[in-house]
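Visitor: Structure of the sequence below:
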Amino acid sequence: QVQLVESGGGLVQVGGSLRLSCAASVRTFSRYTMGWFRQAPGKEREFVASIPWSGPNIYYADVVKDRFTISRDNTKNTVSLQMTSLKPEDTAVYYCAARWPGSSWEYWGQGTQVTVSS
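Guide: Sure thing, here's the model as predicted:
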């Protein structure tokens, strides 16, 4: 079983930065593909970014590319999302997710609220 706990959300002004972190409690964390998703009020959950256990295949949604950076530390079982140049449309609950390579996104955190004020 994989347990994911996000932290780092909050209120930030337009153009500001925020760093989200996700701590995973699983022995084989380094083998999981990790991702970030978000859900704004009244909208469906959408993909933000993902990072494999190893290798260059890091993906971003077009709307966050060049502004957000996903990274992971397999020694600490954590994955982070550095968000810069934040916009009001980035306001959402952000979820950390994990999947075994080749599988669907199976494990989810409880979410952390990010609010970008103008």
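
Visitor: What are the boundaries of the strands in the chain?
Guide: Ranges of strands within the chain are 3-7, 10-13, 18-25, 33-39, 46-51, 59-60, 68-73, 78-83, 92-99, 107-108, 112-117, based on DSSP state E.

Visitor: could you redo the ones you listed as TSV and give each row mean pLDDT and mean neighbour count?
Guide: All C-beta atoms are positioned from the backbone trio N, CA, C, and that covers glycine. Converted to TSV, these look like this (pLDDT from 0 to 100; neighbours: other CB atoms under 10 Å):
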stretch	mean pLDDT	mean neighbour count
strand 3-7	96	17
strand 10-13	97	13
strand 18-25	96	19
strand 33-39	97	22
strand 46-51	98	20
strand 59-60	98	16
strand 68-73	96	18
strand 78-83	97	22
strand 92-99	97	22
strand 107-108	96	16
strand 112-117	98	17
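
Visitor: who touches the closest residue to C22 other than its chain neighbours in this structure?
Guide: Sequence neighbours aside, C96 is the residue nearest to C22 in space, at 3.4 Å (criterion: CB to CB, 6 or more residues apart in numbering). Contacts for C96 (CB atoms under 8 Å, 6 or more residues apart in numbering) come out as L4, V5, E6, L20, C22, A24, M34, G35, W36, V79, W108, G109.

Visitor: which of these lies closest to A49?
Guide: W36 (5.0 Å; CB to CB).
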